[in-house]
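Participant: here are the coordinates; sequence isn't available:
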Ligand code: CA
């Protein structure tokens, strides 16, 4: 990319100032920063996304549960974002937001059952129109067929872990094996076939794992059998101080996680072949027997379920981490690494026992927060850590910016390319907006919207409730103490209410619109 083009894509070069926390790595956009993305003119983009992979289960985010050396490698050789947030923490809505760069109330996918309108502009379409070859592999989950891809091969709906069906450009057939490995084989084949690409490519590799019911590859079924995982401090949360939403959900490990298919006390699913069934029985037969002999109930049962849930969940992530390693190796062996932006993220976070929960949906930190690591040699300083707040809607604009392309004018996300390359941008947003809609529905998390700043979070639950929560994340990082009615926080609450209206106005959302969607969604 030419210097002028780079400065343009950075946005306001005059606003870019050295990033003190990155020390000598920081540069001005207007000096040697015009380093044409380190030679990465129109880089290839490999966008890997897992489903429900919590930051708490990634080594470079300080996991106390597992190791993820290959995902960590992306961060070591690139940047780790510590404040990346989802705008609606649910599978389909997050995907629609990423594709369009627009909030749910605009892209039309507010919950998991709404069909994505594929005639909308998306970042893959914009890249394709600019000459990129575009491909999508894995979990699509938007009901309508993918658009904007030269090639696509997707799981129907949620897809299966073992011997999954895949729909290749409209043609559905079953594939023997384990889903993460099958998708990885396809991704590696794609990379190897593009060793000398005549045009840059976008490869989206979107995994099913580690989504419920957390079924690992055969080789990972017993990987964590001998591990005692530390419990989160909020495993036995009593939801005191909070509104009814926290107490009335249906996503506790205690009551909503079942023993049969979630915790695998039933025989192997029919979909497995004989060899897979034998591995399943070898792994989960002893678990079943131990459980039957233990006679657990109450808190002891919660603890047992937590431990075995994590064994399975983290077993799935072991497969994902291996997959990342294989894709990175393929990029290395083809020489593509130096000109390829590699991204690893998850469609949203996940509760791993925090507040007694699994699943996501709430605006609380564990679900709201997305892992995000990115690597582009020569452009992203190795080992960078970024603390600015970015959202999933920003991904597409950033990819377009890397390709030297303008985002369409109505896209709500904004490029954080300048943050990637070690700048800080004066005026970068200091708050993010969130809106969750899927209620009443599975897990029964009430409708809510809110604003999060660097320190505070204000949430409004509505529809069958009218309640506010306010958290001081500096003093209460686990969000146990709702201070919405605390007189000491009256001024802060007032400021946050103003900020909430401001940010709703910015994105074209409102209480009135929320009520309209209740009528449409619930009737
Ligand atoms: Ca998900």
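Facilitator: Received, thanks. Quantities reported herein were computed from a predicted structural model and do not represent experimental measurements. Residues are numbered from 1 along each chain as shown.

Participant: secondary structure class for the nearest residue to residue 220 once chain neighbours are set aside?
Facilitator: Leaving aside its sequence neighbours, residue 220 sits nearest to residue 315 (C-beta to C-beta, 6 or more residues apart in numbering; 3.9 Å). Where you see a C-beta, it was placed from the backbone N, CA and C, and this is true even at glycine. Assigned with DSSP: H, G, I helix; E, B strand; the rest coil, residue 315 falls in the helix class.

Participant: just checking, residue 315 touches residue 224?
Facilitator: Yes: using C-beta atoms under 8 Å, residue 315 is in contact with residue 224, at 6.3 Å.

Participant: ok, and what's touching stretch 231-251?
Facilitator: Here stretch 231-251 makes contact (C-beta atoms under 8 Å, 6 or more residues apart in numbering) with 253, 256, 299, 302-303, 306, 351-359, 361-362, 442-446, 448, 461, 465, 467-469, 478, 480-482.

Participant: ok, 7 Å please
Facilitator: Outside stretch 231-251, the residues that touch it by C-beta atoms under 7 Å, 6 or more residues apart in numbering are 256, 299, 306, 352-359, 443-446, 448, 461, 465, 467, 469, 478, 480-482.

Participant: between residue 315 and residue 224, which is the more surrounded one?
Facilitator: residue 315 (25 against 21; other C-beta atoms under 10 Å).

Participant: give the contact list for the more buried one.
Facilitator: 216, 220-221, 223-224.

Participant: for the stretch 1-150 of the chain, what lies in contact range of the ion?
Facilitator: Contact residues (C-beta under 5 Å from the ion) of the stretch 1-150 of the chain with the ion: 51-52, 91.

Participant: return the subset of the residues you listed lying in helices.
Facilitator: Judged by DSSP state H, the subset of these located in helices is residue 91.

Participant: can you select the buried ones from the residues of the stretch 1-150 of the chain next to the ion in ChimeraX?
Facilitator: The buried subset of these, as determined by 16 or more other C-beta atoms under 10 Å, is captured in ChimeraX by this line:
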select :51,52,91
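
Participant: how about the residues of the stretch 1-150 of the chain next to the ion in JSON lines, adding pLDDT?
Facilitator: JSON lines is the format used below for these (pLDDT from 0 to 100):
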{"residue": "51", "pLDDT": "98"}
{"residue": "52", "pLDDT": "98"}
{"residue": "91", "pLDDT": "98"}
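
Participant: check contacts around the closest residue to the ion within the stretch 151-300 of the chain.
Facilitator: Here the residue of the stretch 151-300 of the chain nearest the ion is residue 211; by C-beta to the ion that distance is 6.1 Å. Applying C-beta under 7 Å, 6+ apart, we find residue 211 in contact with 51-52, 158.

Participant: which helices and strands does the particular helix or strand that has residue 190 in it pack with?
Facilitator: Taking DSSP states H and E as the criterion, residue 190 maps to helix 179-193. Helices and strands touching helix 179-193, by 3 or more C-beta pairs under 7 Å, 6 or more residues apart in numbering; DSSP states H and E, are strand 133-139, strand 201-206, helix 298-333.

Participant: how far out from the middle of the chain is it?
Facilitator: 21 Å (C-alpha atoms, centre = their mean, to the nearest Å).

Participant: rebuild the helices and strands packed on helix 179-193 as TSV, extending it with mean pLDDT.
Facilitator: Shown next, in TSV, are the helices and strands packed on helix 179-193 (pLDDT from 0 to 100):
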stretch	mean pLDDT
strand 133-139	98
strand 201-206	98
helix 298-333	98
